[in-house]
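> need coordinates for the following:
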Amino acid sequence: MQYSFRWLTASVLSLAMLACAKQDLSPSTPATAVVIGQNVSSAGFPEGFDTGTKTAYTTGSVTLGSGSWTLNDALLGNATADPKTGAQSVRVRNVGTVGMNFDATTGAGVVTVQHAVYGTDGSSQWELWVSQNSGSSYAKVGSTITSSSSALSTASFTVNLSGNIRLQIRKISGGTNRINIDNVTLEQYGSGTTTPPPTTGGKKFLFDGSHGELAGNADWVLDVNSGVASRYPSPDQSGISSSTLETYWTGAISAWGVALVKLGHSVEQLPAGTAITYGNTANPQDLSNYSVFVVDEPNTVFTAAEKTAILQFVQNGGGLFMISDHTISDRNNDGWDSPEIWNDLMQNNSVKANPFGFSVNMDNIVENSTNALASTTNPIINGSQGRVSQLSFHNGATMTLNPTANSTVQGLIWRTSATQGNNLAMAASSTFGTGRVVIIGDSSPADDGTGSPGNTVYDGWNENVSHARLHLNASLWLAKLQ
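Numbers count the residues shown, from 1 in each chain. Next comes the predicted model:
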């Protein structure tokens, strides 16, 4: 956060708004309408295997969140060596199987399964089999999958069968080498598609302006038209060239948006008063129409429906860019600081508790840190936009990482005094389902120093070269472009 202020009186501010008022222009070339249905999960899914107890490999049934499953030469493992995103996952050895004892009555569209090897075990292969006659017979679906990494990855299977469906996962090789299975998703047949956009070509980024990003002394949007963050920043982004300045738009994070357009992508804003939805074909700004959702320092709490929409968007392949601020940063005096808002999203929702494997600390940090991840292969720290070597906070919050909740969580930059572990991370990433998440604990690194009339903002974007690199590398990683 950078401290800024609105010093105009209400009457003068009104005149200023009129003087710089712009229409909410549509794109110069309207996009062809594409009907995208909702990716509706079968009842009880995703199955995270976090309920129930089975501690032996002997064949037996266990009641889980979705129903009864039979685990043959398999158990529910909660050891440190069990890769998992929650409390436990299924551990399978030899040629064990994991299968449903109940029918999903709404068919199956796309099925995804997260998998990894147990501890330091060698690789194994497994397959997905499907029954349409309540388990009397099964047929293999898709390719044989090889598990060779101790980090969870996601395998996707296009089933596209109607009627009653049972799933069975069969380990077919590797002998006593063990694998872990977690987070099985089952999409209803014929429910439409929210398949993530292709990993090449321009992506669509949606920047939130509906949760108080203009409250108080905030200005965390791309552009302001007539006092609001309108859907389409103006002038139209089609006019942006390689030499266009970030002052093309007036929001304090316009440099970010202009840079994305220069890279061949498109940007929109979600205006105040517009609901966050996922799978609502009546909403032209439904999250299913975008690759990445960016929320820079929300100042109003997400509703229960919005939390479900955001988490399902990520779970089904979307990217979420989260930016927080420090404790006692409640700009609209509604009792909610942005760290509390983010923690509420992750802790109080109907999808999964602590889905991303981190929480935001209620602290207030001013620090320039060069304690960045040393990896030369991490695409956020060392991506196509350059190496990230430092991060400057001007009143921001740190994160605590919880690999037990989500084994994919990864710190990116830590406080100078911290070891590169689970505490005092200034930026972090993780995956959830087939989607990706990045969080930065301060809004000031994205601040480009230009904003709405009456605001005093500060140029954190150009404070050092790493700030633009971090935000752009992370954006492209979230969009699955690196």
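> state the number of residues packed around D330.
18 (other CB atoms under 10 Å). No exception for glycine: its C-beta is placed from N, CA and C like everyone else's.
> now swap in the one 4 residues further on and tell me
Around D334 sit 12 other residues, with neighbours defined as other CB under 10 Å.
> show me what contacts the closest residue in space to it that isn't next to it in sequence?
Nearest residue to D334 in three dimensions, chain neighbours excluded: T300, at 6.4 Å (CB to CB, 6 or more residues apart in numbering). Contacts for T300 (CB atoms under 8 Å, 6 or more residues apart in numbering) come out as H211, G212, A215, N332, D334, W336, I341.
> buried among the residues you listed? Make that a ChimeraX selection.
Typed into ChimeraX, the line below selects the buried ones among those, using 16 or more other CB atoms under 10 Å:
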select :211,212,215,336,341
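> from the contacts of T300, which land in strands?
Secondary structure from DSSP state E places none of these in strands.
> what about the contacts of T300, which are in helices?
Residues of the contacts of T300 located in helices (DSSP state H): I341.
> now render the contacts of T300 as CSV, adding distance to L75 and pLDDT.
Shown next, in CSV, are the contacts of T300 (distance: CB to CB, whole Å; pLDDT from 0 to 100):
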residue, distance to L75, pLDDT
H211, 43, 87
G212, 47, 83
A215, 50, 78
N332, 50, 71
D334, 47, 80
W336, 42, 85
I341, 38, 94
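> can I get the contacts of T300 in JSON lines with distance to M399?
Listed next are the contacts of T300 as JSON lines, based on distance: CB to CB, whole Å:
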{"residue": "H211", "distance to M399": "20"}
{"residue": "G212", "distance to M399": "21"}
{"residue": "A215", "distance to M399": "23"}
{"residue": "N332", "distance to M399": "24"}
{"residue": "D334", "distance to M399": "23"}
{"residue": "W336", "distance to M399": "18"}
{"residue": "I341", "distance to M399": "14"}
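> can you confirm I169 is in a strand?
Yes - per DSSP: H, G, I helix; E, B strand; the rest coil, I169 lies within a strand segment.
> can you pull out the strands in the stretch 1-150 of the chain?
Taking DSSP state E, counting those that start in this stretch, the strands of the stretch 1-150 of the chain run over residues 60-63, 68-77, 89-100, 108-117, 124-131, 139-147.
> weakest of those in terms of mean pLDDT?
When those are compared on mean pLDDT, strand 108-117 scores lowest, with a mean of 89.
> now the angle between strand 124-131 and it, please.
160 degrees (axes from the mean of the first three to the mean of the last three CA atoms, to 10 degrees).
> now do the longest helix anywhere in the chain: which elements does it pack against?
In the chain, assigned by DSSP H, the helix with the most residues is helix 465-478. Here helix 465-478 touches helix 254-262, strand 292-296, strand 319-323, strand 382-383, strand 386-387, strand 391-396, strand 425-432, strand 435-440, going by 3 or more CB pairs under 8 Å, 6 or more residues apart in numbering; DSSP states H and E.
> what's the closest of those to A87?
Of all those, strand 425-432 sits nearest to A87, with 15.5 Å by CB to CB.
> which parts of that closest one are buried?
Neighbour-count burial for strand 425-432, counted by 16+ other CB under 10 Å, picks out A425, M426, A427, A428, S429, S430, T431, F432.
> K480: which of these is nearest?
Lowest distance from K480 to these (CB to CB) belongs to T431, with 10.7 Å.
> burial of P83, as a residue count?
27.
> please tell me how far it sits from D286.
Distance of P83 to D286, given as CB to CB, to the nearest Å: 33 Å.
> ok, now which ones touch A397?
324-327, 339, 360-365, 441-442.
> brain fart, N160
Taking CB under 8 Å, 6+ apart as the test, what N160 contacts is A108, G109, Y189.
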